[in-house]
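# Fold the following for me, if possible:
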Amino acid sequence: MAEVPFLQAISVNRTYGGAEASGVKNINLEIIPGKITAIIGQSGSGKSTLLRLFYGLLSPEKGTVNFKGERILGPEEKLIPGHDAMKMVTQHTDDLNLFARVWDNVAAMLPSTNVRHKEEKTEQVLTQLNMMHLSLKRVADLSGGEKQRVAIARAIINRPEVLLLDEPFNQVDTSFREGLQHDIRQIVQETGLTVVMVSHDPAEVLSMADELIVLKDGEIVETGHPKTLYHSPVNLYTAELLTNCNVLTVDEAKVCGIESHKEAVVIYPEWIRINNVLKTNKWTVKQVLFKGFYDDLILENNGVILRVINDDSGKYKEGDIVGLKIKKWLEY
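Just a heads-up that it's a prediction; the model follows:
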C-alpha cells in the first residue's frame with residue numbers, strides 16, 4: 001500500500017482579481033515531514049496565499065489541500081479557521097498579552113487541569129527557545145525579536161505537527177535572528193516538527209531550509225535543496241532571488257571575455273577574482289562598500305558594471321585599476 005503524503009496540494013488554484021492578478025495557480029506539491037521547507041518568490045508571487053491554503057485560512061477555488069490524506073477544511077466549513085494539527089506565526093505579535101509575563105503568555109496555551117505538567121511544559125519550551133531569563137518580564141518590555149520568540153513558544157507548546165511561519169524574522173535584528181533560526185532548527189531535529197516558512201531573505205532560507213520552493217506569478221518554477229538551487233539555478237529568476245548577482249547582456253559579457261549565445265549571463269560576485277597580472281583586462285574601482293571583514297567593490301569597464309567581493313578589506317580604493325579573472329558563470 002502506498003504511503004499517504006503528509007501535507008499535499010493537488011492542482012490548487014486560488015486567485016485574486018484587481019489591476020494585477022495574484023494568488024496561486026496549478027500548485028502540485030508535497031511537503032516533506034520533519035524538515036524545514038521555505039517558500040520564496042518576489043512580492044505578490046503567492047507565497048502567503050499558499051501558506052494560508054495549507055493552514056485552512058483560505059479555500060482553493062480548484063483542487064484540494066490534504067493533510068495525511070484528509071482534505072483541509074476552509075473557513076467556510078470550520079467555525080474557527082485553521083487546522084488543529086498546525087500553528088501559524090506571522091511577523092505580527094498582536095495576539096500576545098502585552099501586560100502579562102512571558103511565562104503566563106506561554107503557559108496560557110495549556111489547560112490548568114494538571115498544574116505540574118503545565119509548569120514543566122512551559123519551562124521546557126522556554127528553555128528550548130533560550131527564554132528562561134525572560135520568563136518574569138512583561139511582554140510589553142521586550143524587543144521585537146523577543147516578542148517573536150514568545151509567539152513561537154506559544155505556537156509550539158502544544159506540539160503541533162506543522163509550524164507555519166509567515167515572514168517571522170522580518171522585524172528581528174540580524175544577531176537575534178540567527179539565534180532564533182538555530183533554535184528552530186534544533187527543535188525540528190529534536191521533535192520531528194515540520195516547518196513551512198515564507199521568506200524574502202536569501203541568507204535566511206539558505207542557512208535554515210532543507211527544501212526550497214520557488215514561486216513566480218503564482219506558479220512553482222523550481223524546487224530543490226538550497227545548495228543545489230544556489231549553485232545551479234535552472235531559472236534566472238531563482239538566481240536573482242538567492243543572490244545579489246551580476247546580470248549581463250551578451251554584449252556586456254563580451255567585455256568580460258565571455259562569449260554567449262543566450263540572452264543573459266549571470267556572474268556571482270564570489271566567482272570573480274581580482275588578478276592584477278591580467279594587464280589587458282582593466283577595470284576601474286568606482287566604489288568601495290565596507291562590509292566588515294570584506295568589501296564590496298563596484299567596478300566599471302567600457303560602461304559595464306560588476307560587483308565583486310574583496311576578502312582583503314581596505315586593499316583597494318576608488319580610482320584603482322585592476323584586472324579580473326572570472327571562474328564561473330551561468331547562461332540563460
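# what's near enough to touch residue 244?
Applying CB atoms under 8 Å, 6 or more residues apart in numbering to residue 244 gives the contacts 269, 307. Every residue, glycine included, has its C-beta placed from N, CA and C.
# For it, what is the enclosing helix or strand?
Under the criterion DSSP states H and E, no helix or strand holds residue 244.
# I'd like to know how many residues surround residue 147.
The number of residues packed near residue 147 is 21, by other CB atoms under 10 Å.
# Shouldn't it be within a helix?
Yes: counting by DSSP: H, G, I helix; E, B strand; the rest coil, residue 147 is located in a helix.
# gap between it and residue 55?
Residue 147 sits at a distance of 21 Å from residue 55 (criterion: CB to CB, to the nearest Å).
# Residue 84 now?
Distance of residue 84 to residue 55, computed by CB to CB: 11 Å.
# And those two? Which one has more around it.
residue 55 (21 against 12).
# And the residue lying closest to residue 191 once chain neighbours are set aside, what's its pLDDT?
Nearest residue to residue 191, sequence neighbours excluded (CB to CB, 6 or more residues apart in numbering): residue 159, at 7.2 Å. If you check residue 159, the pLDDT there is 96.
# ok, and for the longest helix seen in the chain, which residues are buried?
Taking DSSP state H as the criterion, the chain has its longest helix at helix 174-191. Buried residues in helix 174-191, counting neighbours by 16 or more other CB atoms under 10 Å, are found at 176, 177, 178, 180, 181, 183, 184, 185, 187, 188.
# Pull the contacting residues for the third one.
By CB under 8 Å, 6+ apart, the residues touching residue 178 are residue 207.
# low-confidence ranges in the protein?
Along the chain, the model assigns pLDDT under 70 to residues 1-2, 18-21, 278-280.
# Could you list the domains of it?
Listed domain ranges for the chain are 7-241, 248-331 (source: automatic domain parsing).
# okay, the ones you listed, which one's buried deepest?
domain 7-241 (a mean of 18; mean count of other CB atoms under 10 Å).
# what distance separates that one from the centre of its chain?
Chain-centre distance of domain 7-241: 10 Å, with CA atoms, centre = their mean, to the nearest Å.
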